[in-house]
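Student: sequence plus the predicted model coming up.
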Amino acid sequence: MTAATDHARPVRDEDQLDIVALDAFLKKHIDGLDGTPTLEQFPGGASNLTYLVGWGSRQVVLRTAPKGAKAASAHDMLREARVMAAVGKRYPHVPSILAVCEDDSVIGRPFFAMEPIRGVILRKDMPDALGLDTERTRALCHGFIDRLVDLHAVDTSDADIASLGRGEGYVERQVSGWAQRWRQALTEGTDPGEDIIAWLEAHRAADVASCVIHNDFRFDNVVLDPEDPLRIIGVLDWELATVGDPLMDLGSSLAYWVQADDDATFQAFRLQPSNAPGMLTRSEVVAYYAERTGRRIEDFRFYEVFGLFRLMVIIQQIYRRFALGQTTNPRFKGFGKAAAYMGQRCRKLMEQGR
């Protein structure tokens, strides 16, 4: 493995689990586990928590919600496991589910265990250890978009996959649903953002298709082959996946796509090396996606504003948990200002059409 391989770290105090109860459950439901377990935590992610549980050379990855979180769509571990089981039958990059726990008495909330996919996960900057030049970085970027295109082409006639969606009206439900979440996440002094909601309602696009969508498709949610970093061997974090509109999925993905010429404030939010030499710009991503899918995309502005607004809501929801003392993670302290900045980016895009 290369030096860029993703590593687990000691568990944060507030995220500790009952390792004795966890060990007993996992040994009952997964064959081949023996000895005293170790527990570590992966650093990525601000919504749900991901752990590495090990018994010597045998390891499993555990997914669960943060302590005190309600089992809404963003924290529903049982649904995420169901999504992965359904989509994994037709999309080869989904980790295999090993065990699912619906019993809150084990660690205090539901969780599931899956097989680890060992490889490289890209974070903020491109690791020098990968040795990617501009041409190979562009090839990696194309391959990343190709995996999204492949996901959007999954056959939704499978009953388990079809059951994940709610039929027509996806775009309308998303706009109204995220507007409601925004209003519920407001804290003292937060910009109400009603002008952004009104703009999204006024410019709301019709559904262009209905397909499997990931809803959090980013480089830090894909696993690269450590021997061939241009090859994606896993896609992680299926908590928001559903059957819905593919352009909404692309817009949500591009909200995280900080390119090389973006301002310093947006650069500070970067979670993936989308600014590296060779990476496509946001407009080039849209053009390449349109070319690969054959979809005609004349104006992507609605989807881009929606993606930024959705990210704004997610950031504000996390900040509200911090403001209420439900989490003490210090990196969430500045999330209120981060949400306000996303609102400013929304408004700049909204003004382009005037």
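Tutor: In hand now; what should we look at?

Student: quick one, helices of the stretch 151-300 of the chain?
Tutor: Using DSSP state H, counting those that start in this stretch, the helices of the stretch 151-300 of the chain run over 159-162, 170-185, 194-202, 246-254, 264-268, 282-293.

Student: now the second one: average pLDDT?
Tutor: Confidence for helix 170-185, expressed as mean pLDDT, is 97.

Student: now stretch 128-141
Tutor: 96.

Student: next, the buried residues of that stretch.
Tutor: Residues 130, 132, 137-138, 140-141 are the ones in stretch 128-141 that count as buried (16 or more other Cβ atoms under 10 Å). Every C-beta, even on glycine, is put in place using the N, C-alpha and C of the backbone.

Student: for stretch 108-122, same thing?
Tutor: Going by neighbour count (16+ other Cβ under 10 Å), the buried part of stretch 108-122 is 109-114, 116-117, 119-122.

Student: ok, so of the residues you listed, who is nearest H7?
Tutor: I121 (9.7 Å; Cβ to Cβ).

Student: all strands in the stretch 101-250 of the chain, in order from the N-terminus.
Tutor: For the stretch 101-250 of the chain, the strands defined by DSSP state E, counting those that start in this stretch occupy 111-114, 211-213, 222-225, 228-235, 242-244.

Student: want to throw those into a markdown table with mean pLDDT?
Tutor: Shown next, in a markdown table, are the strands of the stretch 101-250 of the chain (pLDDT from 0 to 100):
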| stretch | mean pLDDT |
| --- | --- |
| strand 111-114 | 96 |
| strand 211-213 | 98 |
| strand 222-225 | 96 |
| strand 228-235 | 96 |
| strand 242-244 | 97 |
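
Student: quick one, which of those is nearest to F300?
Tutor: Comparing the strands of the stretch 101-250 of the chain by Cβ to Cβ, strand 211-213 comes nearest, at 15.9 Å.

Student: what is the closest one packed up against?
Tutor: helix 134-152, strand 242-244, helix 246-254 (3 or more Cβ pairs under 8 Å, 6 or more residues apart in numbering; DSSP states H and E).

Student: output the strands of the stretch 101-250 of the chain as JSON lines; include the columns distance to S157.
Tutor: Compiled in JSON lines, the strands of the stretch 101-250 of the chain are given as follows (distance: least, Cβ to Cβ, whole Å):
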{"stretch": "strand 111-114", "distance to S157": "26"}
{"stretch": "strand 211-213", "distance to S157": "11"}
{"stretch": "strand 222-225", "distance to S157": "26"}
{"stretch": "strand 228-235", "distance to S157": "21"}
{"stretch": "strand 242-244", "distance to S157": "11"}
